[in-house]
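Student: could you work out the structure for the sequence below:
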Amino acid sequence: MAGIIGAALLVSCTGNRSGKADGSSASEGELSVTETDGRELFLLAGTYTSGEGSKGIYLYRFDADTGSSDSVGMVEVDNPSYLTLSPDERFIYAVSEEGEANSAVHAFSFDKRIGRMELLNSQPVNSGSPCYITVDSKGTNVHTANYGGGSITSFQVKKDGSLTPAVSIMLFKGSGPDSVRQEGAHLHSVRYSPDGQYLFAADLGSDKLYRLSVNDTPFEGQPGLLENSLKEFVMPAGTGPRHFDFHPDGGRYFYLLGELSGEVIVYDYSFGELTQKQVMAADTTGARGSADIHVSPDGRFLYASNRLQADGIAIFSIDPDDGTLTKAGYQLTGKHPRNFVITPNGKFILVAARDDNKVQVFRIDTETGLLTDTHQDIPLSKPVCLKFAGTTGSD
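Tutor: Next up is the predicted model:
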């Protein structure tokens, strides 16, 4: 346990307008985040830390009108490949994507007045390669999707934002037609439905999407999910379900991206049920490396990233009447766009180009959905997860 808890270390957060990721241009305590009109955001970036380069989670200020950014600071943690924020943005939860012996989840306090992240505690995940983390709308339950372990690990949140030891580990079984990449269960993402009544989980290894009902009133130490409520939605063989997103209009439509098939599957969504209605190719090269998917805040466009060949983002327009997709274009990006994020105002997409060691900033054409590279790259070694939070003036 001591080795896991020691995997996260606070590094002082500092203001930096030089563009350097290490925040070396100012000393501890010099940063003062001023009140804003809402255009200024915090950008958090999780990274892979193996080898020389990144050391953990990096924090920036981002101007959602101009696309410019300033480095604020960082906190050391091993391989924080995915992170999430509590609903009130006072806490950050991140995984350490490691083997079963060293995999962990970390809780950080997040003081937005001064841009400081500080470790609260760490807990073992007890399963291999956690690669996704989510928190419920009340900020009381945290779950990780564990790719290597084929499982979901659940934790409860204490009043101070720290995490309890794991309250449950759900193991899954299954396989798919790809004997190398689908030899067993590989949970890749977990997310709540917009109404907060269900948790959905994508299993790349078994071509299944799982749904679990939420336990609304768990006692201390009890799981926040009703394990006996498990329902399976079977995807076409070889899909390799990876990430998914709900339409912002009450979640009426559900969009799932297959890493192996390179396809977006469109569903009608209602009260936990899914009805398939369309399949669209996001990757036309057969690279079998599709990664991330997001609907624009206004619900008019959908974006899906692809890796390994023609690395970039497929762009679709969304029919306002039935949620179906029409191909609108394709934007080439840096190498290995594992994750991307859209600003809340819908003006920019930021892409974590892992193998080009940078975060790219693209402006969105609000009429067509097409992207333009602003060439305001944020240099960062092995970025793999991006999240926005409001500053003190935009809460």
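Student: sketch out the low-pLDDT regions of the protein for me.
Tutor: Applying pLDDT under 70 to the chain flags the ranges 1-38, 218, 393-395.
Student: helices along that one, start to end?
Tutor: Here the chain has its helices, by DSSP state H, at 2-5.
Student: I figured I364 hits K347, correct?
Tutor: Yes: using Cβ atoms under 8 Å, I364 makes contact with K347 at a distance of 5.9 Å. Bear in mind the C-beta positions are built from the backbone N, C-alpha and C, glycine included.
Student: who's more crowded, these two?
Tutor: Using other Cβ atoms under 10 Å as the criterion, I364 and K347 rank with I364 on top: 21 against 18.
Student: what's the distance between the residue nearest to M170 when sequence neighbours are not counted and D249?
Tutor: Leaving aside its chain neighbours, M170 sits nearest to I152 (4.6 Å; criterion: Cβ to Cβ, 6 or more residues apart in numbering). Separation of I152 from D249 (Cβ to Cβ, to the nearest Å) stands at 28 Å.
Student: what about those two, which has more around it?
Tutor: Neighbours per residue (other Cβ under 10 Å) separate I152 from D249, with I152 holding more: 28 against 14.
Student: so how far is E97 from the more buried one?
Tutor: Taken as Cβ to Cβ, the span from I152 to E97 is 15 Å.
Student: likewise T47?
Tutor: According to Cβ to Cβ, T47 stands 11 Å off from E97.
Student: give the residues shared as contacts by the two.
Tutor: Counting by Cβ atoms under 8 Å, 6 or more residues apart in numbering, the contacts common to T47 and E97 are 79-81.
Student: who does S71 bridge with?
Tutor: For S71, the beta-bridge partners under DSSP bridges are N16, Y60.
Student: tell me the contacts of the nearest residue to G258 once chain neighbours are set aside?
Tutor: What sits nearest to G258 in space, not counting adjacent residues and going by Cβ to Cβ, 6+ apart, is T239, at 3.8 Å. For T239, the contacting residues are 207, 256, 258, 260-261, 263, 265, by Cβ under 8 Å, 6+ apart.
Student: can you rerun that using 6 Å?
Tutor: Contact analysis of T239 by Cβ atoms under 6 Å, 6 or more residues apart in numbering lists 207, 258, 261.
Student: swap in Y269?
Tutor: 251, 254.
Student: thinking again about what came up before, by neighbours, which of the contacts of T239 wins?
Tutor: Most crowded among those, counting by other Cβ under 10 Å, is G258 at 27 neighbours.
Student: that one contacts H243, correct?
Tutor: No: counting by Cβ atoms under 6 Å, H243 is not a contact partner of G258; they are 9.8 Å apart.
Student: pull out the buried positions in stretch 117-129.
Tutor: Residues 117, 119-129 are the ones in stretch 117-129 that count as buried (16 or more other Cβ atoms under 10 Å).
Student: state the pair within the residues you listed that is farthest apart.
Tutor: M117 and G128 (25.9 Å; Cβ to Cβ).
Student: so S305 makes contact with I293?
Tutor: No: contact criterion Cβ under 6 Å: S305 and I293 do not qualify, at 7.6 Å.
Student: neighbour-wise, which of the two wins?
Tutor: The neighbour count for S305 versus I293, taken as other Cβ under 10 Å, is higher for S305 (29 against 24).
Student: which residues does the more buried one contact?
Tutor: By Cβ under 6 Å, 6+ apart, S305 lies in contact with 291-292, 313, 337, 340.
Student: among the residues you listed, which ones are buried?
Tutor: Using 16+ other Cβ under 10 Å, the buried ones in the contacts of S305 are 291-292, 313, 337, 340.
Student: thinking again about what came up before, could you dump the contacts of T239 to CSV with distance to Y60?
Tutor: Listed next are these as CSV, based on distance: Cβ to Cβ, whole Å:
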residue, distance to Y60
D207, 37
G258, 32
S261, 34
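Student: between those residues, which is closest to R354?
Tutor: G258 (20.1 Å).
Student: distance check, the closest one against D207.
Tutor: 8 Å.
Student: same check, this time on M280
Tutor: Distance of M280 to D207, computed by Cβ to Cβ: 18 Å.
Student: can you check D249 too?
Tutor: From D249 to D207 the distance is 28 Å (Cβ to Cβ).
Student: and V135, by the same measure?
Tutor: Applying Cβ to Cβ to V135 and D207 gives a distance of 27 Å.
Student: from start to finish, how long is stretch 208-225 in a straight line?
Tutor: End-to-end distance of stretch 208-225 (Cα to Cα, to the nearest Å): 18 Å.
Student: off-centre distance for that stretch?
Tutor: 21 Å (Cα atoms, centre = their mean, to the nearest Å).
Student: next, find the distance separating G205 from S229.
Tutor: Distance from G205 to S229, by Cβ to Cβ: 22 Å.
Student: more neighbours, those two?
Tutor: Shown here are G205 and S229; by other Cβ under 10 Å, G205 has more neighbours (23 against 14).
Student: so that one sits against R181, correct?
Tutor: No: in this structure G205 lies outside contact range of R181 using Cβ under 6 Å: 7.6 Å.
Student: surely D245 is in contact with D292?
Tutor: No: D245 sits out of contact with D292 when judged by Cβ under 6 Å, with a separation of 9.2 Å.
Student: and the strands in the stretch 51-200 of the chain?
Tutor: 56-63, 69-77, 83-85, 91-96, 104-111, 116-124, 130-135, 141-146, 151-156, 168-171, 187-192, 198-203 (DSSP state E, counting those that start in this stretch).
Student: nothing else from me, thank you.
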